[in-house]
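Asker: Predicted structure and sequence below. I'll ask about it afterward.
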Amino acid sequence: MRGLYTFGLASLAITAEAFNHPTAETRNGTYYGIHQSKWHQDYFFGIPYAQPPVDELRFRPPHSLNTSWTGERNATEMGPMCYGYGPTQMANGEHVSEDCLTLNVVGASNVSSSKGLLPVVVWGVQNGQGFVGVTLNYRLSYLGFLYGEEVAREGATNLGLRDQRLALQWVQENNAAFGGDPTKITIWGQEAGAFSVGLQLLAYGGRDDGLFRAAIAQSGSPMLMWPSVSATDWQPLYEAFLNATNCTDAVSGTTLDCLRRVPAATLSDVFSSDLTTFNRPNPVVDGDFIPKLGSSALEAGDFVKVPLLLGTTQDEGTWSYYGVEGINTTAEFPSKIAQLYPDDPAQGILSTLDDRPGNERAGRRMASQAWAKHGVDVYTNVYDVLFHAKWWQYGAQEQDDIAFLFHNVTLSESLSPTDQADQKKTFEPLSYLMTSMWVSFISTLHPNHISINGTKTWPKYSLVEPKALVFDVNATELCRVESDTYRSAAISHWMELFQTSEYPR
């Protein structure tokens, strides 16, 4: 899972007044942060929410903080990134460490319980309506999602998701110290982060621990976007790791004990080697944190029944297979593909075709139907704007909608070189419209409570008349309501496949 798409890792450009440090008193002790006078905000960075998952705590579920202190601790610098992408992170000069289970909090200044606490969103965006934003790190790659028979026996599965869960518990217990209302928490993610949101909704059979009251998932859903495999399926790769780290014949303890003694940099090199090129670790159905396939859980109603805002982009997934070089006409395409992927069951396209199409739209529709079936409010949307200059040929692709929600739509390099670039004047109003609807949902559980003159009402999704709100700069009101019937036959086929293998191999 890419950290960029988590609940999420955000980048903040700030000018701070170091002489005016705000403080926040958490259950463990007091932190001092940074005050930003231009935006009337307070920032607290790099706050640990768990014990460092190092040494004997490596490849184990996260442990709550067990220390307290007097005085004030520094929370003015971002914590390190979690290991995930091997040597590339170090080559880019990024601060990477196993001791990475930290979060960041951004809130309005001078908020207190006497003045009224603010809603909380675990990701964070501001448009003047006021709420507390939280971003978090969690273990990635094989440190966060290692699997195998011994991992399953130790209950050390889906560690990255368990990290997220503990972070949500920390936010629930401590966000009032930053001006947040513990009864008004929304979790929000994009792409892999959206799948994380979906899996938190399904966690422990849909057990409601009161950690959040709403959820937002963009370009993701509770359906796994990868094949669901068993511990036995994973075992050969696990044993290959043991061989690469000289842990096959552990002298003392278990093989996991041996892996806990391997230097982190060595593990990162192994996890980034040819051994893992085609074996990316992902969440798995472990019978514990994820008891069953998302499709089965939705059918049974085994999910946390909170309002959901769910969306995709019009051309979801086109980046995966666009741009084969040497093709100038449509007629040349089939022969080029046949050349690159001969009809050989051992290596040809027939053996890999299942990994090509994206399933985000089908997952969105299936989740929307499940929420509606069980009488829970759900609002679904499709983003349909050509925006990105470098990759404009991909269409309205995943992540493009995020630019509108973070007001990053005026950068010239972000504009599509098509005729829509002439409609730049509509990008900012659309950004304001989308942000207002998201903030309205976070604040009131309804996207229509912050009204903008002339804007269409975003309807709840229903089984009788399934409707989606489409954001489109060509629409008179920058959005339109349409029936959620896009590619019904193809998406229905995906939904049938979900019932057996989630993402068929």
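Answerer: Nice, thanks for sending it over. Numbering: from 1, shown residues only.

Asker: mind listing the helices in the stretch 1-150 of the chain by residue range?
Answerer: Taking DSSP state H, counting those that start in this stretch as the criterion, the stretch 1-150 of the chain carries its helices at 87-91, 141-145, 149-153.

Asker: Relative to residue 63, how far out is residue 32?
Answerer: From residue 32 over to residue 63 the distance is 25 Å, taken as Cβ to Cβ, to the nearest Å. In this view, the C-beta of every residue, glycine as well, is placed from N, C-alpha and C.

Asker: more neighbours, these two?
Answerer: More neighbours sit around residue 32 than around the other of residue 32 and residue 63, counting by other Cβ atoms under 10 Å; the figures are 17 against 13.

Asker: how about the nearest residue to the more buried one, chain neighbours excluded?
Answerer: Taking Cβ to Cβ, 6 or more residues apart in numbering as the measure, residue 32 lies nearest to residue 21, with 4.2 Å between them; neighbours along the chain are not counted.

Asker: show me the contacts for that neighbour.
Answerer: Contact criterion Cβ atoms under 8 Å, 6 or more residues apart in numbering gives 32, 33, 34, 35, 76 as the residues in contact with residue 21.

Asker: And it, what's its pLDDT?
Answerer: pLDDT for residue 21: 89.

Asker: and it, how far is that from residue 286?
Answerer: In this view, residue 21 and residue 286 are 43 Å apart by Cβ to Cβ.

Asker: For the contacts of residue 21, which PyMOL command selects only the ones that are buried?
Answerer: For the buried members of the contacts of residue 21, the matching PyMOL selection, counting by 16 or more other Cβ atoms under 10 Å, is:
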select buried, resi 32+33+34+35
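
Asker: By pLDDT, give me the weakest of the contacts of residue 21.
Answerer: Sorting the contacts of residue 21 by confidence puts residue 35 at the bottom, with a pLDDT of 92.

Asker: Any idea what that residue is bridged to?
Answerer: Taking DSSP bridges, one finds residue 17, residue 42 as the beta-bridge partners of residue 35.

Asker: what's the distance between it and residue 84?
Answerer: When distance is defined by Cβ to Cβ, residue 35 is 32 Å away from residue 84.

Asker: What residues sit buried inside the host helix or strand of residue 199?
Answerer: Taking DSSP states H and E as the criterion, residue 199 maps to helix 192-206. Going by neighbour count (16+ other Cβ under 10 Å), the buried part of helix 192-206 is 192-203, 206.

Asker: What is the most widely separated pair among these?
Answerer: 192 and 206 (21.0 Å; Cβ to Cβ).

Asker: looking at it, residue 367 is touching residue 198, isn't it?
Answerer: Yes - with the criterion set as Cβ atoms under 8 Å, residue 367 and residue 198 qualify as a contacting pair; they are 7.0 Å apart.

Asker: Need the residues touching each of the two.
Answerer: 217, 221, 222, 223.

Asker: bridging residues for the first one?
Answerer: The one in question is residue 217. Each beta-bridge partner of residue 217 is listed here, defined by DSSP bridges: residue 189, residue 310.

Asker: got a list of what it touches?
Answerer: Here residue 217 is in contact with 188, 189, 194, 195, 197, 198, 308, 309, 310, 311, 367 (Cβ under 8 Å, 6+ apart).

Asker: Run through the stretch 201-350 of the chain and note the low-pLDDT ranges.
Answerer: Within the stretch 201-350 of the chain, the stretches falling below the threshold (pLDDT under 70) are 225-228, 250-252, 274-279, 314-350.

Asker: ranges for the strands of it?
Answerer: Counting by DSSP state E, counting those that start in this stretch, the stretch 201-350 of the chain has strands at residues 214-218, 308-313.

Asker: now those in JSON lines, with distance to residue 67?
Answerer: Written out in JSON lines, the entries for the strands of the stretch 201-350 of the chain read as follows (distance: least, Cβ to Cβ, whole Å):
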{"stretch": "strand 214-218", "distance to residue 67": "32"}
{"stretch": "strand 308-313", "distance to residue 67": "37"}
